[in-house]
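Student: Sharing a model that was predicted from the sequence below.
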Amino acid sequence: MDKHVIPIGTTLDRFIMRKEQQFPYASGELSQLLRDIALAGKIIHREVNRAGLIDITGAYGSQNIQGEEQQKLDVVADVRFVRALKNGREVCGIISEEQEGVIDTENHDGRYIVAIDPLDGSSNIDVNVSIGTIFSIYRRISPVGSPPVMEDFLQPGHKQVAAGYVLYGSSTMLVYTTGYGVNGFTYEQTLGEFILCDVDIHTPPVGKIYSTNEGNWNSFPPQIREYIDFCKSQCYSSRYIGSLVADFHRNLFKGGIYLYPPTQKANNGKLRLMYECNALAFLVEQAGGKATDGKQRILDIQPTSLHQRCPLYIGSSQMMDKLDTFLQATQVR
């Protein structure tokens, strides 16, 4: 081979096709749904990269259902993903962090439900810091051909059939799992394709990074403060971006732990179970890590509302085990 002719690699479409062939009963619907999400990710990549040029940075002027000020790109991303999922016709219902209720796509023959945070970390948009999209996919429970019902949406995380995120950073990456390992794809914009770059990702069992907003230190539970003191005593590095996808992505590859405990202001934590915690918990477990709310496995939590919040501790298995010793010791006192 000519040394100047570098192989392109495996595209996302080709990878999905190969994986589908491993399952003789696969119908192709989930594969198409993943392609629809990838397409929307490409569009958001474009919007993020030209945001400053076409005046879509800054606040939109309203709040979302979470009571958080929406950024212009929050709204753009929500519209783009909902439109892509509706047009793909594989999804019968969507729940979005940006919208109060369920979205009936009117594709009642669709077999899947999607929970999505269209643009996580949007407070960092204006300063050009990495942001991301998080998604979860479930099989519907209600009969195909009928409108989706609340039971379709309020499923525990272990019922996910696929989950992942798109990271918009120095390069745009799509990382996802269908329950058979985690794989990562980098967007090659001159080709318009996501290219396989990280195969069967395994997070290191232990790392040297802890990620938390230490500005909330005085509001943290005592056992979390004790664990952070332990991290400091071990000379671990404190790394916190404030974009969940970016913090998680770094720790996934380098090894580390991310902590968002309850605080005096947010007794149930701040992160959303359905849009953020479940997807990342599924990913980290597939990569060999762990995720809990401090009391139980994230994927075992039975949701009771669409916008339910919960604490999140997620990361390398041995670091999570060490954290658990602090949590258990406090419970015994």
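Tutor: Yep, it's here.
Student: hey, where'd the helices end up in this structure?
Tutor: Per DSSP state H, the chain has helices spanning 12-21, 29-49, 72-88, 150-153, 222-233, 244-254, 278-286, 317-332. These are given in chain order.
Student: as a whole number, average confidence for stretch 223-243?
Tutor: Stretch 223-243 shows a mean pLDDT of 96 in the predicted model.
Student: scratch that, stretch 304-322
Tutor: 97.
Student: For it, buried residues please.
Tutor: 306-320, 322 (16 or more other CB atoms under 10 Å). Where you see a C-beta, it was placed from the backbone N, CA and C, and this is true even at glycine.
Student: Which of these sits closest to residue 35?
Tutor: Distance from residue 35 was checked for each of the buried residues of stretch 304-322 by CB to CB. The minimum falls on residue 306, at 26.0 Å.
Student: Tell me the pLDDT of the closest residue to the closest one other than its chain neighbours.
Tutor: By the measure of CB to CB, 6 or more residues apart in numbering, the closest residue to residue 306 outside its immediate chain neighbours is residue 95, 5.3 Å from it. As summarised for this prediction, residue 95 has a pLDDT of 97.
Student: what does residue 60 give?
Tutor: The score at residue 60 is 44. That number is its pLDDT.
Student: Can we start the residue count at 18 from this point?
Tutor: Happy to do that; since the first residue is 18 now, the last one works out to residue 77.
Student: Quickly list what the residue nearest to residue 248 when sequence neighbours are not counted is bridged to.
Tutor: Of all residues beyond its chain neighbours, the one nearest residue 248 is residue 227 (4.4 Å), with distances taken as CB to CB, 6+ apart. On the basis of DSSP bridges, residue 227 takes part in beta bridges with residue 255, residue 274.
Student: show me the contacts for residue 227.
Tutor: Taking CB atoms under 8 Å, 6 or more residues apart in numbering as the criterion, residue 227 is in contact with 245, 248, 253-256, 273-276, 336.
Student: among the helices of the chain, which is the most enclosed?
Tutor: helix 295-303 (a mean of 26; mean count of other CB atoms under 10 Å).
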